[in-house]
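Asks: I need the structure of the sequence given here:
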Amino acid sequence: MAPLRISFLIRSVYDLLPLNANLVRWGKKDDPTCPLCQVRQTTEHVLSSCKVALSQGQYTWTHNRVLQELASVISTAKGKIHPSSTSSTVFTTKGGVKKWHGGSITINTHRKGLLDGCDDWVVSADLPEWERHPDVIRKTALRPDIVIHSASTQQIIMVQLTVSYESRMEEAHAFKEGKYLDLTKKLKKDGCEAKVMPVEIGTRGFVGSSAYGLLSKLSIGGNKRTKALRLLAETAENSSRWIWSRRNERLLHKD
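Replies: Numbers count the residues shown, from 1 in each chain. The predicted model follows:
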């Protein structure tokens, strides 16, 4: 890895970035506050909590960069079509002299992945260049980050991404589950099989277990899953490093 990247990773993890709160602690400065919003300037504040950075769209920019990569990975997922659930049995005598048909037996069609059972899945994302969400979602007040939809089976999987400071991942997961609970119930009442799956990626590049679980349930495994998780982590980390490098600038240009 490039030296600047290694430096940022190590110092951000061990809270050794030269931010104003640390500079005061080290006797290098008298004022610990953020010059943009006058709140104590810590690593967590710069990477995820500054109100001015939020109003400028910095955190939305990071979120959408990670979302773009996640949607691209999910769009490559494929389910498996299972055979018919029943099949007739054929019995034969010793030597195959006589044979007759028996009754039907049930074949095990247990779904191993969320996408198994049909092949008309469509992935949409809340991004300008992606396909729009299905009407059943767009007519509601909520906008999931990613919707995986099968018209033939009326199945809907909503993926909600949060790029948060690592210590708040569990809180973010619970919040997103609760936020989409009513919508999930409404969709089920309307005859859809609906599921919401929150996913968390840390601002410093740590991937939540929810991301691993999602890709596994979508039958994305092995090296492909490893590469996808690494890509999500690096995208979040690179974005945060860019935000940190311009932490004291009021007007930012993300080009």
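
Asks: what about the closest residue to residue 10 other than its chain neighbours, how many neighbours?
Replies: Distances taken as C-beta to C-beta, 6 or more residues apart in numbering place residue 16 nearest to residue 10, at 7.4 Å, with adjacent residues excluded. Every residue, glycine included, has its C-beta placed from N, CA and C. Other residues near residue 16 number 13, with proximity taken as other C-beta atoms under 10 Å.

Asks: secondary structure element holding residue 198?
Replies: Taking DSSP states H and E as the criterion, the element that holds residue 198 is strand 193-202.

Asks: actually residue 53, not the one I wrote
Replies: Secondary structure assignment for residue 53, by DSSP H and E: helix 51-55.

Asks: that helix - what's its average pLDDT?
Replies: Mean per-residue pLDDT for helix 51-55: 93.

Asks: and after that helix, which helix or strand comes next?
Replies: Taking DSSP H and E as the definition, the helix or strand that follows helix 51-55 towards the C-terminus is helix 58-74.

Asks: packing partners for that following helix?
Replies: When contacts are defined as 3 or more C-beta pairs under 8 Å, 6 or more residues apart in numbering; DSSP states H and E, helix 58-74 packs onto strand 121-125, strand 146-150, strand 155-164, helix 222-245.

Asks: residue 10: which of the ones you listed is closest?
Replies: Proximity to residue 10 (C-beta to C-beta) singles out helix 222-245 among the helices and strands packed on helix 58-74, at 12.0 Å.

Asks: which outside residues touch that closest one?
Replies: Taking C-beta atoms under 8 Å, 6 or more residues apart in numbering as the criterion, the residues outside helix 222-245 that touch it are 4-5, 8-9, 12, 17, 46-47, 53, 58, 61-62, 65-66, 69-70, 73, 76, 163, 201-207, 211-212, 215-216, 220, 254.

Asks: fine, thanks again, bye for now.
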